[in-house]
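Peer 1: below are the sequence and a predicted model for it; my questions follow.
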Amino acid sequence: MQSHYDEVGGTYGAKQIAGTLKEQNGYVINHKRVACLMREMSLAAKVRKKRSSTKKKQIAASYTYLNLLNRNFNAFFPNHKWVMDVTEITFCDTKIYVSALMDLFNREPIGFQVGFHSDTAMMEATIRQAMEARQLTDLSQVTIHSDQGNVYRSYRYHQLSGELRFIPSMSRKANCYDNTMIECFFSHLKAKFPFLFPMLSVEQLVADLPKYATFYAKKRSQKRLGFLSPSSFLTTYFKSA
């Protein structure tokens, strides 16, 4: 238990520890028993603060798209439903932007870009990084869901959807719940990152942020994936296919 807890920087709770013990060590133990043992060992999961939803100021739209995803976050095979968004992190009075793209099949961040400007170049780099990660030459079978941010209503995004052949889907106006999965990923990022990587400087933060995406994909087990990491879940899927 101590080993698994330390491996993820103390970010696992009793259910994740219990699931990981079963999948990786073969120990079958109730999560309530694990919770009692964790209390005895003074192992408390570092949790994120809950935040209330806020409405963002809307700018006149250029291009908007139907909400094809419609909160159906289940995907039964890879590269079918992707979700993406941009978030802002302020550190030492410096704004840092993170653009992430996740495959809903295994909840894996396959596109992840960090920079000091949120623009169409960052958006495009995120999508192309995801294509490279999944070794795709076009996205004709992929629906990419986003919110109504400026970069997703831009002419370049509209143009890119035609070039790469993906199907754009868009959340309703000022409704963060329509893109819950990527919002949850960003919430975890902001809450867990400081416990895994020391935030010593802006430069170090920018360098370490992609490491969290790698940790999330390869190390962080998820209950919905049978307590496997997203990367392990995808490997298991292809082995059984």
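Peer 2: In hand now; what should we look at?

Peer 1: just the pLDDT at residue 22, thanks.
Peer 2: At residue 22, the predicted lDDT confidence score is 81.

Peer 1: that one reaches residue 29, doesn't it?
Peer 2: Yes. Under the contact definition of Cβ atoms under 8 Å, residue 22 touches residue 29, with a separation of 7.5 Å. No exception for glycine: its C-beta is placed from N, CA and C like everyone else's.

Peer 1: point to the residue nearest the middle of the chain.
Peer 2: residue 185 (3.7 Å; Cα atoms, centre = their mean).

Peer 1: what ranges do the strands span in the protein?
Peer 2: Using DSSP state E, the strands of the chain run over residues 81-91, 94-103, 108-115, 143-146, 167-170.

Peer 1: contacts for the last one?
Peer 2: Meaning strand 167-170. By Cβ atoms under 8 Å, 6 or more residues apart in numbering, the surrounding residues in contact with strand 167-170 are 64-69, 142-148, 152, 157-158, 161.

Peer 1: mean pLDDT, mean neighbour count and distance to residue 221 added to the strands of the chain, as CSV?
Peer 2: Supplementary listing: those in CSV, determined by pLDDT from 0 to 100; neighbours: other Cβ atoms under 10 Å; distance: least, Cβ to Cβ, whole Å:
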stretch, mean pLDDT, mean neighbour count, distance to residue 221
strand 81-91, 96, 20, 21
strand 94-103, 97, 21, 16
strand 108-115, 97, 22, 13
strand 143-146, 98, 24, 25
strand 167-170, 98, 20, 29
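
Peer 1: which one of those strands lies closest to residue 16?
Peer 2: When the strands of the chain are compared for distance to residue 16 using Cβ to Cβ, the nearest one is strand 108-115, at 17.1 Å.

Peer 1: quick one: list the elements packing against that closest one.
Peer 2: Taking 3 or more Cβ pairs under 8 Å, 6 or more residues apart in numbering; DSSP states H and E as the contact definition, the neighbouring helices and strands of strand 108-115 are strand 94-103, helix 120-133, helix 202-218, helix 230-240.

Peer 1: so what strands line up beside that strand?
Peer 2: The strands that strand 108-115 pairs with in its sheet are strand 94-103 (antiparallel) (by DSSP bridges).

Peer 1: using CSV, write out every CA atom in the partner strand.
Peer 2: Extracted in CSV, the C-alpha atoms of strand 94-103 (Å, rounded to 0.1, in the frame of the first residue of the first chain):
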residue,chain,number,x,y,z
THR,A,94,2.7,34.4,-15.6
LYS,A,95,-0.2,32.9,-17.6
ILE,A,96,0.6,29.4,-19.0
TYR,A,97,-1.9,27.7,-21.4
VAL,A,98,-2.4,24.0,-21.7
SER,A,99,-4.2,22.5,-24.7
ALA,A,100,-5.2,18.8,-24.3
LEU,A,101,-7.0,16.2,-26.4
MET,A,102,-8.3,13.0,-24.9
ASP,A,103,-9.6,9.8,-26.5
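
Peer 1: tell me what angle it forms with helix 202-218.
Peer 2: Taking axes from the mean of the first three to the mean of the last three Cα atoms, to 10 degrees, strand 94-103 and helix 202-218 form an angle of 20 degrees between their directions.

Peer 1: thank you kindly, that will do.
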